[in-house]
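Student: I'd like to go over a predicted model; first the sequence, then the structure.
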Amino acid sequence: MDELLIFLVKTLVEDENSVSVEKEEDEKTITYRVKVASSDLGKIIGKNGKTATSIRTIMRSVASKTHKKVFVKFED
């Protein structure tokens, strides 16, 4: 699941080296903090947040097998 998120983000940004993903996990939730360059943040969020929403939807559907809630937060 971690590799999928990294792949999705790296395909959208120009500066792939600035992408980092931190994972926090407990009993019921998994929280990903995705950090990208400030110039690439708009590409990750997209118009009206549609790209970010799509990434979150994909991650939730993959995580449904683990029966945990997944949150993805984007930071620059």
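Tutor: All right, it came through fine. Computed from a predicted model, the values in this text were never measured in an experiment.

Student: and the helix or strand containing K10, what's buried?
Tutor: Taking DSSP states H and E as the definition, one finds K10 inside helix 2-12. By neighbour count with 16 or more other CB atoms under 10 Å, helix 2-12 contains the buried residues L5, I6, L8, V9. To be clear about C-beta, it is placed using only N, CA and C from the backbone, and glycine gets the same treatment.

Student: can you check stretch 24-31 too?
Tutor: I30.

Student: neighbouring contacts of it?
Tutor: Under the contact criterion CB atoms under 8 Å, 6 or more residues apart in numbering, stretch 24-31 has outside partners M1, K23, Y32, R33, A63, T66, K68, K69, V70, F71, V72, K73.

Student: other SSEs contacting the helix holding K10?
Tutor: strand 20-25, strand 29-35, helix 41-45, helix 50-63 (3 or more CB pairs under 8 Å, 6 or more residues apart in numbering; DSSP states H and E).

Student: V13 is nearest to which of the ones you listed?
Tutor: Across those, V13 has its closest neighbour in helix 41-45 (6.0 Å, CB to CB).

Student: packing partners of that closest one?
Tutor: helix 2-12, helix 50-63, strand 69-75.
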